[in-house]
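> Coordinates for the following, if possible.
(one chain, ligands or ions: 1)
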Amino acid sequence: MDPRPDSSLTEPLCELRGVSHDFTQPNGAPLPVLRDIHLQVRPNEVVCLLGPSGCGKSTILRILAGLIRPSRGEVLAHGQPLTGLNPGVAIVFQSFALYPWMTVIQNVEVVLQAAGLPRAAVHERAAHAVRIVGLNGFEAAYPRELSGGMKQRVGMARAFSLDPELLFMDEPFSQVDALTAESLRAEVLDLWAAKHRRSSSILMVSHDIKEVVYMADRIVVLGAHPGVVRAVVENTLPRPRDYRSPELLRMVDRLHDTITGHELPDAPAPSAPRPAESPASSMEPLPTVSTSQVVGLLEYLGARGGSEDVFRMATDTAQEFGKALNVVKAAEMLEWVDTPKRTVVLAPIARDFLDADVPGRKALWRRQVLRLGIFRQLQSVLEQQPRKALRREQVLELIVLHMPFEDYERIFDTLVRWGRFGDVWAYDEELETLSLQ
Ligand SMILES: Nc1ncnc2c1ncn2[C@@H]1O[C@H](COP(=O)(O)OP(=O)(O)OP(=O)(O)O)[C@@H](O)[C@H]1O
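As a prediction, this is how the structure comes out:
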């Protein structure tokens, strides 16, 4: 390798400056996914993007790789505007992305051939990469003969064989079991450290807080709708790190507090009570959470005397933290729970709900959903219809009109599910019609 100029020690390898991105929805309306993102990946660091599902983590990765051009803002590689693919990047995907008809070694060789390497180098590099990820002996095996962990090793071999300056990993360990994930993380860091002789960095996407604290030097916490950077946390814990060390667990706790503080902000002071009902003219986006998830949360809290720490709750119910937060947010929106600091507390109405029989629960559920503007507004539109019914597209139009930037199909699904449970309306799947009960 050529020696790099000194500026390579400090100059970011890649960078986003004020990047915003909108995808286009099927009806042509823009779906804002990222807003004003500033992000640098500097030499010799591991940066992790942490955030709830849908906050645009993969989109950031794809923009920096040059696979997507953002709607606004600048993308730089070594200080120069990026046009086309970023040649320094290799990506490890969550879904392995292996060709089933090719053997392990062929799956690695194919990316080296695509990179234009001479034939002899292709074989030599692929064989080396397969060896360093611990797959020697499996060169001639097909993906169907491999476990999830081994498939991901092939993905890693592919990326490492390219000797990239930037290794991008998109939730690389989410499809393998917990123990395999632990050892793969350590192996990636070892391989990366060996490569560290020259400037080289990792950018990884994850929803797993422990994983990012184990891996990252810098953690970029993102919020959703649209994706924004909420906080950047420097992680100076010495390496090698131990998942069970008190320092690592403290850092995990700190991150939980950071995320919870942003995602579940504490209620306003009693002197500024929030209105009991949202104005009838307003419509609020609904989270993609089912009624059974909300009821499950209430029952869980009921069984624990009415309150629990939100992190503990996610661990107890083996849910990913972001998903657990989403359910809590839905319950809070319906005023079933309150969330002082990190604690989720049942509201008195939720205790009545838990004590009620099925018709009683439905009546209380109906009362709570009808506190939301979107339910009241749709109910009143349905009442004005001669048959007290609307076709699906008409409801979708209504949602788009009020919330042009939201994922209207998902909101529709939640609207149907929550409304059905409270007998507010019925939905005929075949006729695709929503009607008042
Ligand atoms: N090609 C596309 N066209 C339209 N919308 C898209 C496209 N790709 C992603 N989206 C939407 O953009 C948003 C962000 O997606 P992205 O995959 O970047 O999020 P993420 O944070 O990586 O999510 P996850 O953790 O669930 O993988 C989502 O609402 C997704 O549905």
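
> Those residues of the stretch 201-350 of the chain touching the ligand, which are they?
Residues of the stretch 201-350 of the chain found near the ligand, taking CB under 6 Å from any ligand atom as the criterion, are residue 207. No exception for glycine: its C-beta is placed from N, CA and C like everyone else's.

> now the helices for the stretch 201-350 of the chain?
Along the stretch 201-350 of the chain, counting by DSSP state H, counting those that start in this stretch, helices occupy 209-215, 246-263, 291-303, 310-316, 321-333, 348-355.

> Determine which stretch of the ones you listed is the most buried.
Among these, ranked by average contacts under mean count of other CB atoms under 10 Å, first place goes to helix 209-215 (a mean of 24).

> Please write out the alpha-carbon positions of that helix in PDB.
Coordinates of the C-alpha atoms in helix 209-215 are reproduced here as PDB (Å, rounded to 0.1, in the frame of the first residue of the first chain):
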ATOM      1  CA  ILE A 209     -27.700  -1.300  22.900                       C
ATOM      2  CA  LYS A 210     -25.300  -3.800  24.400                       C
ATOM      3  CA  GLU A 211     -23.900  -4.600  21.000                       C
ATOM      4  CA  VAL A 212     -23.200  -1.000  20.200                       C
ATOM      5  CA  VAL A 213     -21.500  -0.400  23.600                       C
ATOM      6  CA  TYR A 214     -19.400  -3.400  23.000                       C
ATOM      7  CA  MET A 215     -18.400  -2.400  19.400                       C
END
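
> Show residues contacting it.
When contacts are defined by CB atoms under 8 Å, 6 or more residues apart in numbering, helix 209-215 is touched by residues 46, 48, 50, 173, 181, 185, 188-189, 202, 204, 206, 219, 235, 237, 241, 243, 248, 251-252, 255-256, 259, 321.

> if we can go back for a sec, as JSON lines, the helices of the stretch 201-350 of the chain with mean pLDDT and distance to residue 134 would be great.
Formatted as JSON lines, the entries for the helices of the stretch 201-350 of the chain read as follows, by pLDDT from 0 to 100; distance: least, CB to CB, whole Å:
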{"stretch": "helix 209-215", "mean pLDDT": "93", "distance to residue 134": "19"}
{"stretch": "helix 246-263", "mean pLDDT": "86", "distance to residue 134": "25"}
{"stretch": "helix 291-303", "mean pLDDT": "95", "distance to residue 134": "39"}
{"stretch": "helix 310-316", "mean pLDDT": "85", "distance to residue 134": "30"}
{"stretch": "helix 321-333", "mean pLDDT": "89", "distance to residue 134": "30"}
{"stretch": "helix 348-355", "mean pLDDT": "96", "distance to residue 134": "50"}
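
> Columns distance to residue 365 on top of the ones you listed, output as CSV?
As requested, the helices of the stretch 201-350 of the chain are arranged in CSV below (distance: least, CB to CB, whole Å):
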stretch, distance to residue 365
helix 209-215, 32
helix 246-263, 24
helix 291-303, 7
helix 310-316, 21
helix 321-333, 12
helix 348-355, 7
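
> And those: which comes nearest residue 417?
Ranking the helices of the stretch 201-350 of the chain by proximity to residue 417 (CB to CB) places helix 291-303 first, at 5.7 Å.

> mind saving the C-alpha coords of the closest one as CSV?
Below are the C-alpha coordinates for helix 291-303, written out as CSV (Å, rounded to 0.1, in the frame of the first residue of the first chain):
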residue,chain,number,x,y,z
THR,A,291,-54.1,-4.2,20.4
SER,A,292,-52.8,-7.4,21.9
GLN,A,293,-49.3,-5.8,22.3
VAL,A,294,-50.9,-2.9,24.3
VAL,A,295,-53.1,-5.3,26.3
GLY,A,296,-50.1,-7.5,26.9
LEU,A,297,-48.2,-4.5,28.3
LEU,A,298,-51.1,-3.6,30.6
GLU,A,299,-51.3,-7.2,31.9
TYR,A,300,-47.6,-7.4,32.4
LEU,A,301,-47.6,-4.1,34.4
GLY,A,302,-50.7,-5.3,36.3
ALA,A,303,-48.9,-8.5,37.3
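
> could you give the angle of that helix to helix 321-333?
Helix 291-303 and helix 321-333 meet at an angle of 80 degrees, taking axes from the mean of the first three to the mean of the last three CA atoms, to 10 degrees as the criterion.

> now helix 291-303 and helix 348-355, what's the angle there?
Computed by the same axes, to 10 degrees, the angle between helix 291-303 and helix 348-355 is 100 degrees.

> quick check: domain ranges of the protein?
Taking automatic domain parsing as the domain assignment, the record places the domains of the chain at 6-88+164-259, 291-436.

> what's the offset of the longest one from the middle of its chain?
In terms of CA atoms, centre = their mean, to the nearest Å, the centre of domain 6-88+164-259 is set 12 Å apart from its chain centre.

> ditto for the last one
For domain 291-436, the distance between its averaged C-alpha position and the chain's averaged C-alpha position is 22 Å (CA atoms, centre = their mean).

> Can you measure across it, start residue to end residue?
Using CA to CA, to the nearest Å, one end of domain 291-436 lies 19 Å from the other.

> among the domains of the chain, which is nearest residue 126?
Shortest distance between residue 126 and the domains of the chain, using CB to CB, is found for domain 6-88+164-259: 14.9 Å.

> need the contact list for the closest residue to the ligand within the stretch 251-400 of the chain.
With CB to the nearest ligand atom as the measure, the residue in the stretch 251-400 of the chain that lies nearest the ligand is residue 322; the distance is 7.8 Å. Contact partners of residue 322, counting by CB under 8 Å, 6+ apart, are 51-53, 207.

> May I ask which two of those are separated the most?
Between all members of the contacts of residue 322, the longest pairwise span (CB to CB) is found for 51 and 53 and amounts to 8.3 Å.

> anything in contact with each of the two?
Counting by CB under 8 Å, 6+ apart, the residues touching both residue 51 and residue 53 are 207, 224, 322.

> Output these in a markdown table; the columns should cover distance to residue 368.
Written out in a markdown table, the entries for the shared contacts of residue 51 and residue 53 read as follows (distance: CB to CB, whole Å):
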| residue | distance to residue 368 |
| --- | --- |
| 207 | 29 |
| 224 | 24 |
| 322 | 24 |
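
> Check what contacts stretch 389-409 and list those residues.
Surrounding stretch 389-409, the residues in contact under the criterion CB under 8 Å, 6+ apart are 25, 27, 29-32, 225-226, 283, 285, 374, 377-378, 381-382, 411-412, 415, 432-436.

> try 7 Å this time
The contact list for stretch 389-409 (CB atoms under 7 Å, 6 or more residues apart in numbering) reads 27, 29-32, 283, 285, 378, 381-382, 411-412, 432-435.

> Can you flag which of those belong to strands?
Among those, the members found in strands (DSSP state E) are 30-32, 433-435.

> List only buried entries from these.
The neighbour-count criterion (16 or more other CB atoms under 10 Å) marks 31-32, 433-434 among the ones in strands among the contacts of stretch 389-409 as buried.

> Any stretches of the stretch 301-437 of the chain with poor pLDDT?
Low-confidence regions of the stretch 301-437 of the chain, defined by pLDDT under 70, span residues 404-405.
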